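Visitor: Quick one, what's the 3D model for this:
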Amino acid sequence: MSDAPAIDAERVIADLRELARRTSDEAGAQRLCWAEGWRSARDFLRELLAEIGLEPEIDEAGNAWVYLAGAREPALAVGSHLDSVPGGGWLDGALGVMGALGAVRAWAESGVQPPRTVALVDWADEEGARFGRSLFGSSAAAGTFDPAELANARDAEGRLAPGVLAENGVELDRALDSRSRLGRLGAYLELHIEQGPVLEAEGIKAAAVSGCVGVERLRFEITGQVSHAGTTPMEARHDAGLAAAAAALRIEGIAIEQRGVATVGEMDFEPGIPTAVAGRASMVVDLRNRSTEALARMLESTREAVSACAAERGCEVSEEPVWRIEPIAFDPELVADARDACEEVAGTAYELPSGALHDAASMAPHVPTAMVFSPSIAGVSHAPEEDTAEPDLIAAIEAFGALTNSRITTAS
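Guide: Numbers count the residues shown, from 1 in each chain. Predicted structure coming up:
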């Protein structure tokens, strides 16, 4: 259908800037899921949808769905997430939601019924920044979420996840009921910033994404002995804090050796005062690799490293899983279509894997899935400095619009 309505990229960018104005401060985006900033973002989305006569439906996991009825189904789903990390960037997640809105709006304002139903979705709590469990809404819809993972999870203020979710109309034990939405879908497409430096370095304005890396995320508890900082000789200490620090450095080497990435982004000591040797250290380790086998080796080596560092200082170790996901490959046919759309709009046919996790990783095992990336200036994301040059944003939004229209109008 050559006369499919084109997405208005400049209008999408204007929506993104207004969202940033409403939900950001001098420290960056403040759309932590289940909090006021996120709810304000959802209110703005409702305003924009009302302009084209649509209203979101909230499912049992807190995901927001909007359907533009087409001539046939299954529907094409397009979307991403409005939630952000604290002090995040203006584009992460929001670009995909507003880009999806732009695609739906183009059809709604054209006055022509789309050949296929289009479902816009804003997934709840993709970031997992509050309770440590990423892809909450999309994994619930995919049926891969276990409510027990969040039953006892607490945020930085000590609040339990079930209570926080309930305040937002979500009953944790019913989150998996959102699976009923997937039966209506035939494919899923997502637009996102790269969050890395590759595309900018290569001069690529828009690229197809081949899949997402796998993740192993664990919490280690190292237990030593609290003792006085002034009276305990160095050789007599059982310092859990130093054991954790030594382990973090070894984990860095493991990631380099296996050509993956590893992050110790959270570490906590008790009693946490300058005048006492730490008797307990808690550390959360995030391991990522595109290879299933290499990720398994990283996990085994990390466990060995933490145990060895603890033993060297007379400490003990326990661990608990936080979250994991296998490496995910996207649908080859849809990835090829995404590559063609990027070449048509931006002049280059380019494809790369994603080192970050996206809701597309939850969808890919269930429906054909693909993504389009825009470059990120200096590869910076999850920070206020996150940005993309406007010509690059326009190119990626237009490539996503072209890809979306190709799927809406396809005969199969």
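Visitor: which residue ranges form the helices in this structure?
Guide: 9-23, 36-50, 94-110, 136-142, 148-151, 161-167, 198-202, 240-257, 292-312, 332-346, 359-363, 390-408 (DSSP state H).
Visitor: check contacts around the residue nearest to Arg174 when sequence neighbours are not counted.
Guide: Across the structure, with CB to CB, 6 or more residues apart in numbering as the measure, the residue nearest Arg174 apart from its sequence neighbours is Glu60 (4.7 Å). C-beta: built from backbone N, CA, C; applies to glycine. Shown in contact with Glu60 (CB atoms under 8 Å, 6 or more residues apart in numbering): 140, 170-171, 174-178.
Visitor: Repeat that for Ile325.
Guide: Taking CB under 8 Å, 6+ apart as the criterion, Ile325 is in contact with 135, 212, 214-215, 357, 361.
Visitor: Please list the members of the residues you listed that lie in strands.
Guide: Mapping those onto strands (DSSP state E) picks out 212, 214-215.
Visitor: Could you report the neighbour count for Arg219?
Guide: Arg219 is surrounded by 16 other residues when neighbours are defined as other CB atoms under 10 Å.
Visitor: err, Glu216, not the other one
Guide: The burial count for Glu216: 22, using other CB under 10 Å.
Visitor: Which strand residues bridge it?
Guide: For Glu216, the beta-bridge assignment (DSSP bridges) gives partners Leu287, Arg324.
Visitor: isn't it right next to Glu326, touching?
Guide: No - in this structure Glu216 lies outside contact range of Glu326 using CB atoms under 8 Å: 9.8 Å.
Visitor: Just the pLDDT at Gly132, thanks.
Guide: Looking at Gly132, its pLDDT stands at 85.
Visitor: Now do the contacts for it.
Guide: Contacts were defined as CB under 8 Å, 6+ apart; by that measure Gly132 touches 153, 217, 284, 322-323.
Visitor: where's it relative to Glu351, distance?
Guide: Using CB to CB, to the nearest Å, Gly132 is found at 31 Å from Glu351.
Visitor: now swap in Asp173 and tell me
Guide: Distance from Asp173 to Glu351, by CB to CB: 40 Å.
Visitor: Could you check which of those two is surrounded by more residues?
Guide: Between Asp173 and Glu351, counted using other CB under 10 Å, the more crowded position is Glu351 (16 against 11).
Visitor: any idea how far the more buried one is from Val78?
Guide: According to CB to CB, Glu351 stands 20 Å off from Val78.
Visitor: again with Phe131
Guide: On the measure of CB to CB, Phe131 and Val78 end up 27 Å apart.
Visitor: These two: which is more packed in?
Guide: More crowded of Phe131 and Val78, by other CB under 10 Å: Val78, with 29 against 22.
Visitor: burial of Lys344, as a residue count?
Guide: One correction, residue 344 is Glu, not Lys. Residues contacting Glu344 under the criterion other CB under 10 Å number 15.
Visitor: wait, what's in contact with Val85?
Guide: If a contact means CB under 8 Å, 6+ apart, then Val85 has 29, 32, 92, 127, 129, 382 as its contacts.
Visitor: what do you get for Pro321?
Guide: Remark: with contacts taken as CB under 8 Å, 6+ apart, Pro321 is in contact with 217-219.
Visitor: Adding pLDDT and distance to Asp8, write those residues out as CSV.
Guide: Shown next, in CSV, are the contacts of Pro321 (pLDDT from 0 to 100; distance: CB to CB, whole Å):
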residue, pLDDT, distance to Asp8
Arg217, 94, 39
Leu218, 95, 45
Arg219, 96, 45
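Visitor: From what I see, Arg34 and Glu167 are in contact.
Guide: Slight slip there: residue 34 is Trp, not Arg. Yes - contact between Trp34 and Glu167 holds when scored by CB under 8 Å: they sit 7.3 Å apart.
Visitor: and these two? which has more neighbours close in?
Guide: Neighbour totals were compared for Trp34 and Glu167, and Trp34 leads with 22 against 11 (other CB under 10 Å).
Visitor: gap between that one and Ala310?
Guide: Trp34 is 35 Å from Ala310, by CB to CB.
Visitor: Low-confidence stretches in the protein?
Guide: Scanning the chain for pLDDT under 70 picks out 1-2, 411-412.
Visitor: tell me the domain ranges of it?
Guide: 9-213+329-408, 214-325 (automatic domain parsing).
Visitor: What is the distance between the last one and the centre of its chain?
Guide: Mean-position distance between domain 214-325 and its chain equals 25 Å (CA atoms, centre = their mean, to the nearest Å).
Visitor: same question, the first one
Guide: Mean-position distance between domain 9-213+329-408 and its chain equals 9 Å (CA atoms, centre = their mean).
Visitor: Gly186: how many residues sit nearby?
Guide: Other residues within reach of Gly186, judged by other CB under 10 Å, total 18.
Visitor: Help me confirm that it comes into contact with Ala75.
Guide: Yes - using CB under 8 Å, Gly186 makes contact with Ala75 at a distance of 6.4 Å.
Visitor: Common neighbours of those two, please.
Guide: When contacts are counted by CB under 8 Å, 6+ apart, Gly186 and Ala75 have Arg116 as shared neighbours.
Visitor: returning to what we had before: for the buried ones among the contacts of Val85, write the corresponding ChimeraX selection.
Guide: A single ChimeraX command selects the buried members of the contacts of Val85 (16 or more other CB atoms under 10 Å):
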select :29,32,92,127,129,382
